[in-house]
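Novice: For reference, the sequence and a predicted model appear below.
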Amino acid sequence: MLRIGIIGCGKIAQVRHIPEYLDNDKCEIIGYYDRTYSRAENLAKINGGKAYETYDELINEPNIDAVSVCVSNHLHAEITIAALRAGKHVLCEKPMATTLKDCEDMVRAANESGKKLLIGHNQLLTPAHKKAKELIDSGLIGDILTFKTTFGHSGPETWSINPGPNTWFFDKNAAAMGAMADLGVHKTYLIQYLIGHKIVETTAKLSTLDKRDADGNLIEVDDNAFCIYKMDNGIMGNMTASWTYYGPEDNSTILYGTKGIMRIYDDPNYSIKVMLNNGQKILYEIESIQTNDNQTKSGVIDLFVEAIMEDKETELSCHNALSSMKVIFASIESSNTGRTVKIAQD
């Protein structure tokens, strides 16, 4: 039985991490920490376990084997590295960290500690994305030539544990980055997974078009990101991330191959639609993707527990996440400099 500690008891912990740990019979939550102590205390009363006044106390608790890090972006590296050095396995929310050096230091700490470090990229684990990966690898649409992938919704201010314009997502000191790191990192990670190649070049523009703080000023992080990616085998495509889609959420990916087109989460009735160049149409009615308003079991926690207990690498490994974070930081550089930026991938 794995004994789990929760670090950060906000919305993502309450709707995903905690329920999914409670649903897994191979683990139990025995500790909670949140900077708002009463929040951790309340969860401990409801679910059992102990509330800790500092995260240091929690990660140095010998009875805890692994932790979920669900705090604001700027604390990911600090807490993750401390937990790994304290001998804990770590599941860290995305984005991995707010600088490339911090991401690299997290990977180094995982390697040195011999503990697992997974990053919570839940999109890779959806049934439709897993099925799409299988179909792509089978050659159904031939060689992929280009793609469009999008993640847009109306913004995190409706999702945060403290909703409204004062959400930490809009605070540059806490979040460091906006829609690019919140949503763009999901689709950057996903497209590399689906196609099986790494992004080695980006031309990007990040902008703040509409989101405003409590004083009515445009926020200091991006609310839209537009990127052109080039992969190591020459494939090129577009990635868009937005907090200003004031209507239905868009979490679609379209792949254009030499034998046809695959559309994923592009139709409310069919998770995958394949249109082949011979006129054949294949429809897959698998499931609807998670949205902020429709949370279903992600599989992330089950995979984290499995990775620890079976001592195996998974698609959510920190090494894979580092590759995607290189693209995020290169895209920010591209936007700031107005130049295409090449990415050195291992």
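Specialist: Perfect, thanks for sending it. Residues are numbered from 1 along each chain as shown.

Novice: Three-state assignment for residue 266, please.
Specialist: Following DSSP: H, G, I helix; E, B strand; the rest coil, residue 266 is assigned to coil.

Novice: now the helices for the stretch 151-300 of the chain?
Specialist: 172-175, 179, 185-195, 300-309 (DSSP state H, counting those that start in this stretch).

Novice: can you pull out the helices in the stretch 1-150 of the chain?
Specialist: Using DSSP H, counting those that start in this stretch, helices in the stretch 1-150 of the chain cover 11-12, 18-22, 37-47, 55-59, 76-85, 100-113, 127-137.

Novice: So which of these is the most surrounded?
Specialist: helix 76-85 (a mean of 22; mean count of other Cβ atoms under 10 Å). Any C-beta I mention is one placed from the backbone N, CA and C, and that applies to glycine too.

Novice: next one: that one to chain centre, how far?
Specialist: 18 Å (Cα atoms, centre = their mean, to the nearest Å).

Novice: shift numbering so it begins at 518
Specialist: With the count now opening at 518, the last piece we talked about shows up as helix 593-602.

Novice: Give me the residues contacting it.
Specialist: Identification of contacts with helix 593-602 by Cβ atoms under 8 Å, 6 or more residues apart in numbering yields 524, 572-573, 576, 584, 586, 588, 607, 609-610, 612-616, 619-620, 622-623, 626-627, 629-630, 632, 634.

Novice: 6 Å instead?
Specialist: For helix 593-602, the surrounding residues in contact (Cβ atoms under 6 Å, 6 or more residues apart in numbering) are 524, 572, 576, 584, 586, 607, 609, 614, 619, 623, 626-627, 630, 632.

Novice: Ok, stretch 543-562 next?
Specialist: Residues contacting stretch 543-562 (Cβ under 6 Å, 6+ apart): 519-524, 526, 538, 566-569, 572, 575, 581, 822.

Novice: which one of the helices of the stretch 518-667 of the chain lies closest to residue 730?
Specialist: helix 528-529 (19.4 Å; Cβ to Cβ).

Novice: Show me what the closest one packs onto, helices and strands only.
Specialist: Applying 3 or more Cβ pairs under 6 Å, 6 or more residues apart in numbering; DSSP states H and E, we find helix 528-529 packed against no helix or strand.

Novice: Any buried residues in stretch 789-799, and which?
Specialist: If you call a residue buried by 16 or more other Cβ atoms under 10 Å, then stretch 789-799 has these buried ones: 789-791, 793.

Novice: Could you single out the nearest of the contacts of helix 593-602 to residue 735?
Specialist: Checking the contacts of helix 593-602 one by one against residue 735 (Cβ to Cβ), the nearest turns out to be residue 614, at 25.1 Å.

Novice: who are the neighbours in contact with that closest one?
Specialist: So residue 614 contacts 593-594, 620 (Cβ under 6 Å, 6+ apart).

Novice: Columns pLDDT and distance to residue 730 on top of the residues you listed, output as CSV?
Specialist: Formatted as CSV, the contacts of residue 614 follow (pLDDT from 0 to 100; distance: Cβ to Cβ, whole Å):
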residue, pLDDT, distance to residue 730
593, 98, 23
594, 98, 25
620, 98, 28
